[in-house]
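Asks: The following comprises the amino acid sequence and a computationally predicted model.
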Amino acid sequence: MKVHELQGEIMRLKKEKDVCILAHAYQSEPILEIADHVGDSYGLSVQASGDAHSNMVMCGVRFMAETCKVLSPGKRVYLANPAAGCPMAEQLSPGSLRELKEQYPGYVVVAYINTTAALKTECDVCVTSSSAVQICRAMPEKKILFIPDPNLGHYVAGQIPEKTFAFWQGGCPRHACMTRRDVEAARALHPDALLLVHPECRGEVVREADYIGSTTGIMSYAKRSDAGEFIIGTEISIVEHLQYQCPDKRFYPLSANLTCPDMRATTLMDVYHCLRGTGGEEILLPEETMEGAGRCIRRMIELGG
Ligand code: 13P
Ligand code: SF4
């Protein structure tokens with residue numbers, strides 16, 4: 001079957017079964033073309049909470065599908081490829097977090113949304129890369145234990161010097177592997193390019209950037225900018241999407257190491273099988289997880305606006 005034939009079949013099935021397809025911005029071009037909503041983690045959560053379809057298919061990673069399920073308890077939510085997880089989301093277990101909290105009495109726990117729903121039950125609020133600064137600033141609490149990504153945490157803390165932050169040593173294995181040497185090498189090759197990076201990158205990379213933001217933040221900045229060349233410090237798919245969307249501008253990856261295998265795992269054929277009922281996984285969460293994670297995620301949406 002050709003790609004466009006498969007896309008046509010997916011469109012037919014999703015209409016017949018009243019399914020909304022959500023795709024994270026890191027997904028492949030053929031998947032973005034058949035999605036109802038494309039966005040960063042925050043945008044997808046908000047869109048999922050307001051969507052009217054009876055079923056949802058998430059093309060992204062497991063924590064994103066769990067977030068949709070928590071926000072839409074009455075709907076059937078599927079993860080198109082059950083093997084797609086986010087390594088960062090699995091780094092801290094609820095039991096380890098309980099032990100960590102004992103070391104930080106009086107601290108409120110802010111979880112990056114890249115965490116399991118089970119872990120979120122132990123947290124006070126979650127944040128995404130695009131909403132973290134706003135939410136941490138808006139919270140009345142002055143002491144914040146930020147988990148699991150210290151790179152994002154330090155970036156947020158730098159914007160809110162009036163609050164006290166504590167961190168845990170997790171992080172994204174893809175973003176954290178870029179260093180200032182990659183910046184120097186990329187700038188040497190492309191001296192006129194602006195550097196746009198995700199806040200999951202190390203401080204030594206973030207400090208060199210012309211713009212720091214979420215996946216969709218990076219894309220919007222590049223589209224709006226008058227500059228003609230950009231070095232992109234996030235998953236490699238964003239380079240390709242920007243090349244299609246801005247054919248007159250040039251985009252280069254900050255490093256050759258920027259492929260997230262989990263975000264690349266989902267194929268158009270997985271979406272097709274998920275819609276046919278021959279693949280994918282329905283997300284089912286225990287009642288107490290739905291409740292605890294729901295409190296944490298809804299507080300994010302309240303504070304994030
Ligand atoms: P966004 O918040 O930009 O969607 O990032 C999600 C993610 O997994 C980054 O690696
Ligand atoms: Fe997780 Fe990093 Fe992949 Fe994003 S890029 S899904 S944070 S491993």
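Replies: Good, I have the coordinates. No experiment lies behind these values; they were computed from the predicted model shown. Ligands and ions are numbered 1, 2, ... in the order given.

Asks: I'd like to know how far the residue of the stretch 1-150 of the chain found nearest ligand 1 sits from Cys20.
Replies: Minimum separation of the stretch 1-150 of the chain from ligand 1 (CB to the nearest ligand atom) falls at Asp40, amounting to 3.3 Å. (C-beta placed from N, C-alpha, C; glycine too.) Using CB to CB, to the nearest Å, we find Asp40 at a distance of 17 Å from Cys20.

Asks: Can you dump the C-alpha atoms of whichever strand or helix holds Lys15 in PDB for me?
Replies: Using DSSP states H and E, Lys15 maps to helix 3-16. C-alpha atoms of helix 3-16 as PDB (Å, rounded to 0.1, in the frame of the first residue of the first chain):
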ATOM      1  CA  VAL A   3       1.500   6.100   2.000                       C
ATOM      2  CA  HIS A   4      -1.400   8.200   0.700                       C
ATOM      3  CA  GLU A   5      -3.600   5.100   0.300                       C
ATOM      4  CA  LEU A   6      -3.000   4.200   3.900                       C
ATOM      5  CA  GLN A   7      -3.700   7.700   5.000                       C
ATOM      6  CA  GLY A   8      -7.000   7.600   3.100                       C
ATOM      7  CA  GLU A   9      -7.900   4.400   4.900                       C
ATOM      8  CA  ILE A  10      -7.000   5.900   8.300                       C
ATOM      9  CA  MET A  11      -9.200   8.900   7.600                       C
ATOM     10  CA  ARG A  12     -12.100   6.600   6.700                       C
ATOM     11  CA  LEU A  13     -11.700   4.500   9.800                       C
ATOM     12  CA  LYS A  14     -11.300   7.400  12.200                       C
ATOM     13  CA  LYS A  15     -14.500   9.000  10.900                       C
ATOM     14  CA  GLU A  16     -16.400   5.700  11.100                       C
END
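
Asks: tell me what the helix or strand that it is followed by is packed against?
Replies: Heading C-terminal from helix 3-16, the first helix or strand you meet, by DSSP H and E, is strand 19-24. Counting contacts by 3 or more CB pairs under 8 Å, 6 or more residues apart in numbering; DSSP states H and E, strand 19-24 is packed against helix 3-16, helix 29-34, strand 37-39, helix 41-50, strand 55-59, helix 62-71.

Asks: ok, of those, where does mean pLDDT dip lowest?
Replies: Ranked by mean pLDDT, the helices and strands packed on strand 19-24 bottom out at helix 41-50, with a mean of 86.

Asks: tell me which parts of the stretch 51-200 of the chain are close to ligand 1?
Replies: Proximity of the stretch 51-200 of the chain to ligand 1 (CB under 6 Å from any ligand atom) is limited to residues Cys86, Asn114, Thr128, Ser129, Ser130, Cys172, His198, Glu200.

Asks: make it 5 Å
Replies: Residues of the stretch 51-200 of the chain lying close to ligand 1 by CB under 5 Å from any ligand atom are Thr128, Ser129.

Asks: Please enumerate the strands of the stretch 51-200 of the chain.
Replies: Using DSSP state E, counting those that start in this stretch, the strands of the stretch 51-200 of the chain run over 55-59, 76-79, 108-112, 125-127, 143-147, 164-167, 194-197.

Asks: Could I get these in CSV, plus columns for mean neighbour count?
Replies: Rendered in CSV, the data for these read as follows (neighbours: other CB atoms under 10 Å):
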stretch, mean neighbour count
strand 55-59, 27
strand 76-79, 24
strand 108-112, 24
strand 125-127, 28
strand 143-147, 22
strand 164-167, 17
strand 194-197, 22
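
Asks: Out of those strands, which is closest to ligand 2?
Replies: strand 108-112 (8.5 Å).

Asks: pull the CA atoms of the closest one into PDB?
Replies: C-alpha atoms of strand 108-112 as PDB (Å, rounded to 0.1, in the frame of the first residue of the first chain):
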ATOM      1  CA  VAL A 108       6.000  21.400  47.000                       C
ATOM      2  CA  VAL A 109       6.700  18.700  44.400                       C
ATOM      3  CA  VAL A 110       6.600  19.900  40.800                       C
ATOM      4  CA  ALA A 111       6.700  17.100  38.200                       C
ATOM      5  CA  TYR A 112       7.600  17.500  34.600                       C
END
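
Asks: With that, I have no additional questions.
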